[in-house]
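In: structure for this input, please:
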Amino acid sequence: DLDYFYRIYQLMKDSYRPILKIPTTQLEHTYDQISIVAILGMVVGALWSFLNLPDIIPIHWNIIGEADGFGSKYWIALLPTLAVLFYYGKVQLVKIPHKYNYVKRITPDNAKSEYIFGRKIIRLVHLLSQLVFFLIFFFTIKGALSGDQDMGIYTMLLIYLVLAVPLILVVRRYSGDTIN
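Out: Residues are numbered from 1 along each chain as shown. This next block holds a predicted model:
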């Protein structure tokens, strides 16, 4: 219904959002450290494995985890490159929590807690994306070197479930809230 979207637009347009300097929480540091380890693992893994990879490697899997796309071994550089670019984007994004879209109106009273939650969700999405990249990277190298090119249905289910975690956290936080 258009009235609903108009109210959201008015909330965003009319709201003043304080710009706060909020220290990074320990949980946020932990998310970042795990992300860096995953990125370094992919960069080191790409450099280490490149010379040992066959010329053609699996680069795509269908919904049940069977390799169904193949390409040059140079594709092995794609995931580490994307991981580094995503990390840079995340570093920039967490600096501006006052620009995020929020479910509730941001006020001086709730700004700090909403900004921290928003930053944690951004970092969690980033971390989970990096872990999924790492998993795909691992199965790419494993498939190329061993010939066993399937991820398997359970790996694919794990990926789908992992990516649903941030959505579940947001819904749990705001269930029962109404839009002002």
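In: list the helices and strands the longest helix anywhere in the chain packs on?
Out: Among the segments of the chain that qualify as a helix by DSSP state H, the longest is helix 111-146. Identification of packing neighbours for helix 111-146 by 3 or more C-beta pairs under 8 Å, 6 or more residues apart in numbering; DSSP states H and E yields helix 26-49, strand 56-61, helix 78-93, helix 153-174. Yep, even glycine has a C-beta here, placed from its N, CA and C like the rest.
In: which strands or helices does the shortest one pack on?
Out: The one in question is strand 56-61. Using 3+ C-beta pairs under 8 Å, 6+ apart: strand 56-61 touches strand 67-72, helix 111-146.
In: ok, Thr140 touching Pro54?
Out: No - in this structure, Thr140 is not within contact of Pro54 by C-beta atoms under 8 Å, at 11.6 Å.
In: and the two? which has more neighbours close in?
Out: Higher neighbour count among Thr140 and Pro54: Thr140, with 28 against 10, using other C-beta atoms under 10 Å.
In: do you know how far the more buried one is from Gly71?
Out: Going from Thr140 to Gly71 by C-beta to C-beta, to the nearest Å gives 10 Å.
In: which residues do the two both contact?
Out: By the contact definition C-beta atoms under 8 Å, 6 or more residues apart in numbering, Thr140 and Gly71 are jointly contacted by Ile57, Ile59.
In: does Pro80 touch Met42 like I think?
Out: Yes - contact criterion C-beta under 8 Å: Pro80 and Met42 qualify, at 4.0 Å.
In: more crowded one of those two?
Out: Each of Pro80 and Met42 has its neighbours counted (other C-beta under 10 Å); Met42 has more, 25 against 22.
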